[in-house]
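Peer 1: Turn this into a structure:
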Amino acid sequence: CPQCPVKAKCKNYITEHIRTVHLRVIKKTCDICGKGFVHHKTYRYHMLTHQDEGKTIECVDCSKTFSNSIYLRDHINRLHNPDKKIKKKKSGEGIRRYVNIME
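Peer 2: Numbers count the residues shown, from 1 in each chain. Here you go, the predicted model:
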């Protein structure tokens, strides 16, 4: 890379690196809120936050509330269960350890 010490075996990898890291070219835009994303993975994570809009979700361990199940999952993994990841029920159903207190 001409702008940093990153090296790659293929020219395409360097081109993609420059577009993503140095130019920050937006690849995906959220159709719901219009926010742009450089990485597809970040876009997918963001889209999960829209599935719980309008709800308040409570942690059953400490009663702290969250605006979506993704933030709750991260909270549980970080504070209540750092060695064990929380399993999803089925795609789109959220996680096991929560209570919807408002819909």
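
Peer 1: As a check, name the ranges of all strands in this structure.
Peer 2: Ranges of strands within the chain are 28-29, 36-37, 56-58, 65-66, 99-102, based on DSSP state E.

Peer 1: Now do stretch 49-69: distance to the chain's middle.
Peer 2: Here stretch 49-69 shows a centroid-to-chain-centroid distance of 15 Å under the convention CA atoms, centre = their mean, to the nearest Å.

Peer 1: excluding its backbone neighbours, what's nearest the residue nearest the centre of the chain?
Peer 2: Nearest residue to the geometric centre of the chain (CA atoms, centre = their mean): Y45, 2.8 Å. Nearest residue to Y45, sequence neighbours excluded (CB to CB, 6 or more residues apart in numbering): I70, at 7.0 Å. Glycine gets a C-beta too; all of them are placed from N, C-alpha and C.

Peer 1: Distance-wise, check that neighbour relative to T15.
Peer 2: Distance check for I70 against T15: by CB to CB, to the nearest Å, it reads 32 Å.

Peer 1: Looking at these two, which is more packed in?
Peer 2: I70 (19 against 12; other CB atoms under 10 Å).

Peer 1: any idea how far that one lies from L79?
Peer 2: I70 is 15 Å from L79, by CB to CB.

Peer 1: swap in Q3?
Peer 2: Computed as CB to CB, the Q3 to L79 distance reads 39 Å.

Peer 1: ditto for G36
Peer 2: 31 Å.

Peer 1: residues touching C30, list them.
Peer 2: C30 makes contact with G36, F37, Y43, H46, M47, H50, according to CB atoms under 8 Å, 6 or more residues apart in numbering.

Peer 1: shaky segments in this protein?
Peer 2: Along the chain, segments meeting pLDDT under 70 span 82-103.

Peer 1: one more time with 50
Peer 2: In the predicted model of the chain, residues 86, 89-103 satisfy pLDDT under 50.
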